[in-house]
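>>> could you look at this predicted model? Sequence included:
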Amino acid sequence: MDFILIERNGAKATVRLNRGKANTLNHQMVQELTAAFKELESDEAVKAVILTGHGEFFSAGLDVLELYDYNEEKMYQFWKDFSIAFETVARFPKLLVCAINGHSPAGGCVFAVGADFRVMAEGKYRIGLNEIPVGIVIPPAIFRMYNFWIGERTAYQYLLQGKLYTAEEGSKIGLIDVVCPLEEVEAKANEIIDNLLKFDTTVWQMSKAIMREDMLTVFDKDFDLTFTPIIKQWWSPGARAAMGALVASLKK
């Protein structure tokens, strides 16, 4: 894999996003993320996983610089594979703790909400789903998962605003479980795992599946039925203009 690192340590493994400074998500990276979680799901020695990034970015979200130039066929396949990656993380049967080591807007937040627990660096770093301001429609599965953690009213209003917020603010609404200095994020994630691995892992995994059952039904919807309007909007003049302005600002 070029953009995903898997580090094993006994019963634990770390999946590290490793693409450039900001860990922006392109087509290859989301495919590799799916492959990494499928590999760890089938590895009987691994009982728990930490998902993290590097530097001061968990992930800055979609690589709009690259995605903006995708043609319609490539864009369709990207969204399909992005949806598969998100579903794979959300359905991951083992303990999953997200160590949010810095900024985590948009696509970064999407994968963070798939975890069971989230530890985030304190201070200047921001998390949240700001897709609507940049012209991207929120898929049902993302709303459902976000809603699961922070409540339907808050999720609804935050999504409409494209609100980004600090770890401290995320803790108050229930998204972030532990807030700590950046250098302690992975250690705190390991502490959560070590405490939970004291329990019977079979009981833990079965209970996780039961508690997520209703939430995961959103993934049973037909992809084309759900995403055709979203992909169509991607090519609308208004959305292209908003993303074009974002691309121009990022290039500067």
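Nice, I can see it. Not measured: the values here are computed from a predicted model.
>>> you'd agree Tyr125 is in a helix?
No: secondary structure of Tyr125, determined by DSSP: H, G, I helix; E, B strand; the rest coil: coil, with no helix assignment.
>>> what sits against it?
Neighbouring residues of Tyr125 by CB atoms under 8 Å, 6 or more residues apart in numbering: Glu56, Ile100, Gly102, His103, Ser104, Thr166, Ala167, Leu182. (Each C-beta comes from the backbone N, C-alpha and C, glycine too.)
>>> where do the strands sit along the stretch 51-200 of the chain?
95-100, 104-105, 117-121, 127-128, 164-165, 178-180 (DSSP state E, counting those that start in this stretch).
>>> coming back round to it: so which of the contacts of Tyr125 sit within helices?
Ala167 (DSSP state H).
>>> of the contacts of Tyr125, which is the nearest to Val119?
Ile100 (6.6 Å; CB to CB).
>>> can you check the pLDDT for the closest one?
Here, the pLDDT recorded for Ile100 equals 98.
>>> and what of Tyr146?
pLDDT at Tyr146 comes out at 97.
>>> tell me how far the residue most central in space within the chain lies from Val15.
Nearest to the mean C-alpha position of the chain, counting by CA atoms, centre = their mean, stands Phe111 at 1.1 Å. Distance from Phe111 to Val15, counting by CB to CB, to the nearest Å: 10 Å.
>>> what residues are shared contacts of these two?
With CB under 8 Å, 6+ apart as the test, Phe111 and Val15 both reach Leu33, Leu51.
>>> export the strands of the stretch 51-200 of the chain to JSON lines and tack on mean neighbour count and distance to Lys47?
Formatted as JSON lines, the strands of the stretch 51-200 of the chain follow (neighbours: other CB atoms under 10 Å; distance: least, CB to CB, whole Å):
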{"stretch": "strand 95-100", "mean neighbour count": "27", "distance to Lys47": "7"}
{"stretch": "strand 104-105", "mean neighbour count": "26", "distance to Lys47": "25"}
{"stretch": "strand 117-121", "mean neighbour count": "26", "distance to Lys47": "15"}
{"stretch": "strand 127-128", "mean neighbour count": "24", "distance to Lys47": "27"}
{"stretch": "strand 164-165", "mean neighbour count": "18", "distance to Lys47": "32"}
{"stretch": "strand 178-180", "mean neighbour count": "19", "distance to Lys47": "20"}
